[in-house]
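Engineer: Kindly return the folded structure for what I paste below:
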Amino acid sequence: MRENIMPALQTFQVEVAFFSGDECYASETYNVEAANWYSAEQAALEMSGGSAYDDPRVPDLHREVCARAC
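Structural biologist: Numbering: from 1, shown residues only. The predicted structure follows:
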């Protein structure tokens, strides 16, 4: 019988920066439990879709993320 081994979760602090063109107009920080930094960044990007700063009226809206292990 083979055991399903789940990777240990780490806590990451992920900063999501919101941009209009080249100008950063806001940022939010999310604490995320994830197996690795990539998964943490993806989870934070998904969460940031519910942010007040994620406004489709903002021209050339895009976001950047940076995860740090806590």
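Engineer: ok, the residue most central in space within the chain - contacts?
Structural biologist: Closest residue to the average C-alpha location of the chain: residue 44 at 2.4 Å, with C-alpha atoms, centre = their mean. By C-beta atoms under 8 Å, 6 or more residues apart in numbering, residue 44 lies in contact with 14, 16, 30, 32, 65, 67. (C-beta placed from N, C-alpha, C; glycine too.)
Engineer: hmm, 7 Å instead?
Structural biologist: Each residue near residue 44 by C-beta atoms under 7 Å, 6 or more residues apart in numbering is listed here: 14, 16, 30, 32, 65.
Engineer: cool, residue 20 as well?
Structural biologist: Neighbour list for residue 20: 58, 59, 60, 61 [criterion: C-beta under 7 Å, 6+ apart].
Engineer: Can you tell me, leaving aside adjacent residues, what's nearest to it?
Structural biologist: Take residue 20 and drop its neighbours on the chain: the residue closest to it by C-beta to C-beta, 6 or more residues apart in numbering is residue 58, 4.9 Å away.
Engineer: Burial check on that neighbour, number of neighbours?
Structural biologist: Other residues within reach of residue 58, judged by other C-beta atoms under 10 Å, total 15.
Engineer: got any ranges where this protein has weak pLDDT?
Structural biologist: Applying pLDDT under 70 to the chain flags the ranges 1-3.
Engineer: thinking again about what came up before, for the contacts of residue 44, which one is nearest residue 7?
Structural biologist: Sorting those by distance to residue 7 puts residue 32 at the head of the list, at 14.3 Å, by C-beta to C-beta.
Engineer: Report how many residues lie close to that closest one.
Structural biologist: Taking other C-beta under 10 Å as the criterion, the count of residues near residue 32 is 21.
Engineer: helix/strand/coil for it?
Structural biologist: Assigned by DSSP: H, G, I helix; E, B strand; the rest coil, the conformation of residue 32 is strand.
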